[in-house]
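**Q** The sequence and its predicted three-dimensional model are supplied below.
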Amino acid sequence: MLFRRYGNLYGELSDAAQPLARDPDHGARLLTEFQDWLLFGTDLCTPGMPFPARELLLEWRDAGRISERAFCKIAMETAIRQFGLE
């Protein structure tokens with residue numbers, strides 16, 4: 001896994017919902033292990049547009065597959081830290 005090899009590598013999850021959902025146990029472990037290097041993002045946005053990654057993160061948080069802490073990091077805190085938005 002590249003995240004283990006390169007400490008300065010970050011990933012965004014805009015198109016990750018389908019691959020993560022294929023194996024929910026592995027996907028949740030991946031999100032938990034790399035929560036400090038993953039960000040929720042998208043490269044386009046329109047009103048009413050569905051965001052499958054957002055829905056998956058919310059569903060897994062609510063079901064306890066990922067912790068509230070991991071959810072907060074992926075959804076917001078990693079981007080704030082990485083881009084100096086504080």
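**A** Structure received.
**Q** now the residue nearest the centre of the chain: how far from I66?
**A** Central residue of the chain (CA atoms, centre = their mean): I74, 4.5 Å from the mean position. Distance of I74 to I66, given as CB to CB, to the nearest Å: 8 Å. C-betas here are computed from N, CA, C, even on glycine.
**Q** Just the strands from the protein, written as ranges.
**A** Here the chain has its strands, by DSSP state E, at 11-12, 38-39.
**Q** counting contacts, what elements does the first one pack onto?
**A** Translated: strand 11-12. strand 38-39 (3 or more CB pairs under 8 Å, 6 or more residues apart in numbering; DSSP states H and E).
**Q** The strand it packs on packs against which elements?
**A** Packed against strand 38-39 by the contact rule (3+ CB pairs under 8 Å, 6+ apart) you find strand 11-12, helix 78-82.
**Q** For the ones you listed, give me a markdown table that also has mean pLDDT and distance to C45.
**A** Shown next, in a markdown table, are those (pLDDT from 0 to 100; distance: least, CB to CB, whole Å):
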| stretch | mean pLDDT | distance to C45 |
| --- | --- | --- |
| strand 11-12 | 91 | 13 |
| helix 78-82 | 92 | 15 |
